[in-house]
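Novice: what follows is a predicted structure for the sequence shown.
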Amino acid sequence: MQAAAAPENIQVVLRVRPLSEAERSRGDKKVVQLLQDGKRVQLKSSSKEDFGQSLGVKTFVFDSCVDEDADQATFYDKCGAWRLAQKALDGYSATLFAYGQTGSGKTYSISGAEDVINDDQYHGGDPREGLIPRTARQLWAEVEGRGRERKYSV
């Protein structure tokens, strides 16, 4: 009899951003297509320079994929940041980081829309908030909800 598979400690989630205004004005085309299983994407090649010697389609597999139409709340749910927050409160180490080229949407995903996060008078609730303010709010709510069950130091 085989042992049950352990949960994955590392998850890789892909978020596809929409084309920028500059990309649309240049006539750039979308080359990334999310497949219906929510775990694979395909990149479509239009020239040999894209993939070296071959033309066609390349498929990549991730733990989860989020398309360009997903709002910040959907991304928060899909990427598992809330699970990391729960694990941190339970005493485990947890890390979330964004990786990608300049202009790929890391700051937007992690922090939120710049006009929101740069506002000194902002106190939360904007739907364009990123993972950090959403996770911080969740952490505080969980700490308050647990009452005197545990002691936390911040």
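Specialist: In hand now; what should we look at?
Novice: drop to CA atoms for contacts and neighbour counts, all remaining ones
Specialist: Will do.
Novice: which element is Asp115 on?
Specialist: helix 114-117 (DSSP states H and E).
Novice: same question, Lys87
Specialist: Judged by DSSP H and E, Lys87 forms part of helix 81-89.
Novice: pull the residues that contact stretch 132-150.
Specialist: 76, 81-82, 85-86, 89, 110-111, 124, 152 (C-alpha atoms under 8 Å, 6 or more residues apart in numbering).
Novice: where in this structure is the helix or strand with the lowest mean pLDDT?
Specialist: helix 48-51 (a mean of 61; mean pLDDT, DSSP states H and E).
Novice: strands paired with the next helix-or-strand element following that helix, and their directions?
Specialist: Going down the chain from helix 48-51, the next helix or strand is strand 57-61, by DSSP H and E. Under the criterion DSSP bridges, strand 57-61 sits next to strand 40-44 (antiparallel) in its sheet.
Novice: pull the residues that contact the partner strand.
Specialist: Residues contacting strand 40-44 (C-alpha under 8 Å, 6+ apart): 31-35, 56-62, 64-65.
Novice: make a markdown table from those residues and add pLDDT and neighbour count to it.
Specialist: Shown next, in a markdown table, are the contacts of strand 40-44 (pLDDT from 0 to 100; neighbours: other C-alpha atoms under 10 Å):
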| residue | pLDDT | neighbour count |
| --- | --- | --- |
| Val31 | 86 | 12 |
| Val32 | 90 | 17 |
| Gln33 | 91 | 14 |
| Leu34 | 94 | 20 |
| Leu35 | 94 | 14 |
| Gly56 | 76 | 13 |
| Val57 | 83 | 14 |
| Lys58 | 86 | 13 |
| Thr59 | 91 | 13 |
| Phe60 | 94 | 10 |
| Val61 | 96 | 15 |
| Phe62 | 95 | 13 |
| Ser64 | 93 | 18 |
| Cys65 | 95 | 23 |
